[in-house]
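J.: my questions concern the predicted model and sequence given below.
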Amino acid sequence: MTQPPTKPRRWLLAVDPRVYHWDTLFVKGKEMWRHAGHRPDSLRQLKQVQKGDRALAYHGKPEHAIYALAEVSRDPYPDPHESDSKKMVMDLRAIERLPRQVTLTELRENKLLRKIKFLKNTRMTICPLTEEEYSEILRMAGIVASPGIPLP
C-alpha cells in the first residue's frame with residue numbers, strides 16, 4: 001500500500017554569504033546545496049526535506065536578511081564529495097529573489113513569527129516553517145497571494 005503524497009513543507013535555509021552567496025544559485029539555476037553542516041540537529045532536519053519543498057534563503061553576516069526563494073529539486077542524499085556518509089546534501093532550484101529583503105530585526109519584531117526556532121538560535125542552518133510563518137514572511141517581502149493563485 002502506497003502512502004499518499006505529503007504536502008510540501010517550508011524551510012528557512014541560512015548561510016554565511018562570505019562562504020556561499022545565494023546569487024550563485026540564481027546564476028546556475030540549480031545546484032547541490034552543501035551548507036547544512038555536520039551538527040546532528042541540522043542533519044535531522046535535512047532528512048525531513050523532500051523534493052518539491054520550498055525554502056526561504058537567508059544570508060547571515062553582514063546582511064542578516066531573507067534574500068530569496070528556492071525549491072528542493074531532489075531529496076537529500078549523501079554528499080558525493082565527502083568520505084563521511086553522514087554528511088547530507090540536497091539539490092535546490094532558484095525560484096526568485098524577494099522583491100525586498102526581510103531583515104532579522106523585522107522577523108523578530110513580528111508577533112506571528114515568534115515561534116520560529118531560528119530566531120532563538122541564528123546559528124541554525126536549516127529550520128522548518130509553518131505555512132502561516134512562510135506566508136507571513138512572503139507578505140513582509142512583498143509577495144501576496146491572489147485569489148485562485150497560491151503563494152510560491
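T.: Now that the structure is in, tell me what you want to look at.

J.: elements contacting the strand ranked longest in the chain?
T.: Across the chain, the longest stretch assigned as strand under DSSP state E is strand 88-103. If you count contacts as 3 or more CB pairs under 8 Å, 6 or more residues apart in numbering; DSSP states H and E, strand 88-103 packs onto helix 23-28, strand 30-33, helix 40-48, strand 65-78, helix 131-141. In short, each C-beta sits where N, CA and C put it, glycine included.

J.: the ones you listed: lowest mean pLDDT?
T.: Lowest mean pLDDT within the helices and strands packed on strand 88-103: helix 40-48, a mean of 90.

J.: hmm, who's touching it?
T.: Applying CB atoms under 8 Å, 6 or more residues apart in numbering, the contact partners of helix 40-48 are 9, 11, 36, 76, 86-88, 90, 124-128.

J.: switch the cut-off to 10 Å
T.: Applying CB atoms under 10 Å, 6 or more residues apart in numbering, the external contacts of helix 40-48 come out as 9, 11, 13, 33, 35-37, 39, 75-76, 86-90, 117, 121, 123-128.

J.: which among those residues end up buried?
T.: Neighbour counting with 16 or more other CB atoms under 10 Å marks 9, 11, 13, 33, 36-37, 76, 87-90, 124-128 as buried within the contacts of helix 40-48.

J.: can you tell me which two in these are farthest apart?
T.: With CB to CB as the measure, no two of those lie farther apart than Arg9 and Lys87, at 21.4 Å.

J.: how much space separates the nearest residue to Lys87 once chain neighbours are set aside from Arg39?
T.: Counting by CB to CB, 6 or more residues apart in numbering, Asp79 is the residue found nearest to Lys87 once chain neighbours are left out, at 4.3 Å. Per CB to CB, to the nearest Å, Asp79 is found 15 Å from Arg39.

J.: Val72 too?
T.: Going from Val72 to Arg39 by CB to CB gives 20 Å.

J.: how about Lys87?
T.: Counting by CB to CB - Lys87 and Arg39 are separated by 11 Å.

J.: what does Ala94 give?
T.: Ala94 is 26 Å from Arg39, by CB to CB.
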